[in-house]
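[1] Build the 3D model from these lines:
(one chain, ligands or ions: 2)
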Amino acid sequence: MAEVELAHVSKWFADGQVAVDDVSLRVADGELLILVGPSGCGKSTTLNMIAGLEDISDGELRIGGRVVNGLGPAERDVAMVFQSYALYPHMTVRRNIGFPLSLAKVPRARIEQRVREVAELLDLTPWLDRKPGMLSGGQRQRVAMGRAIVRSPAVFLMDEPLSNLDATLRVATRTQVARLQRRLGTTMVYVTHDQVEAMTLGDRVAVLRAGRVQQVAAPVELYERPVNLFVAGFIGSPA
Ligand code: ADP
Ligand code: MG
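    Residues are numbered from 1 along each chain as shown. Ligands and ions are numbered 1, 2, ... in the order given. Got it, this is the predicted structure:
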């Protein structure tokens, strides 16, 4: 059973623009699927529909085998990290990460224990008592990831989480995302417009163009056997 399954999902906006056009995708339990493609191809819209932040215009979306069309974000077991990370500037890293648990009235000792686990996973232990303003961009983005995973969501969604970072931090943080995924084993859908990021991080990569999936395959397969010139050109393979 796929953890996330899109069956003929489309999205059009009020102006009639079709942002996502008959997309079918299956993300296996524990898999890291990358959505990659040029700006405007429908990556964020697809992710927002999985998160429940956008309605689906047509098709069916299942999470953990359950049809979730029409359910709000809180009714799905998903968490999302965006490109621009909104941390609470007046709270320490510890309180930022633990915030979703505080809201859910989890006992303090349990919050502390869970925050420590998450901080350890993300190499944030030394900074637990700092405020976000004292951290690097990469550290801040890891705090945002920590806050997203602290409630152990079944599905973890990331929309270009590294695009605000400089090249060096991006490579370092990318390595941390890969490690996080291995250690958590959470199903992840990760959006990027960066081919190299897609090819190095993904178990499988879905290449989108103008709202349509061109090909879904493991990186080596995409590289060696692109289905069309767009995929070949975008991935940079020799075909
Ligand atoms: P990506 O994340 O791949 O850059 P998006 O999913 O943000 O692409 O956008 C896909 C298409 O849908 C674009 O043409 C964009 O202009 C359009 N779009 C996105 N959000 C809206 C909206 N709220 N209203 C109208 N059009 C939108
Ligand atoms: Mg986007």
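[2] Near ligand 1, which residues of this structure are found?
    Counting by Cβ under 6 Å from any ligand atom, the residues of the chain close to ligand 1 are 13, 15, 17, 19, 37, 39-45. Glycine gets a C-beta too; all of them are placed from N, C-alpha and C.
[3] Max pairwise distance over the residues you listed: which two?
    D15 and G37 (21.0 Å; Cβ to Cβ).
[4] If you count surrounding residues, which of the two has more?
    G37 (26 against 5; other Cβ atoms under 10 Å).
[5] For this structure, give me the ranges with low pLDDT.
    1-2, 237-239 (pLDDT under 70).
[6] Which parts of it are helices?
    If DSSP state H is used as the criterion, the helices of the chain fall at 43-51, 93-103, 108-121, 137-149, 167-184, 195-201, 219-224, 229-235.
[7] Same list, these, but as CSV with mean neighbour count please.
    Below are the helices of the chain laid out as CSV (neighbours: other Cβ atoms under 10 Å):
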stretch, mean neighbour count
helix 43-51, 23
helix 93-103, 20
helix 108-121, 16
helix 137-149, 23
helix 167-184, 16
helix 195-201, 19
helix 219-224, 16
helix 229-235, 17
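[8] Is it possible to get JSON lines of those that adds distance to V67?
    Below are those laid out as JSON lines (distance: least, Cβ to Cβ, whole Å):
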{"stretch": "helix 43-51", "distance to V67": "13"}
{"stretch": "helix 93-103", "distance to V67": "25"}
{"stretch": "helix 108-121", "distance to V67": "30"}
{"stretch": "helix 137-149", "distance to V67": "24"}
{"stretch": "helix 167-184", "distance to V67": "25"}
{"stretch": "helix 195-201", "distance to V67": "29"}
{"stretch": "helix 219-224", "distance to V67": "30"}
{"stretch": "helix 229-235", "distance to V67": "31"}
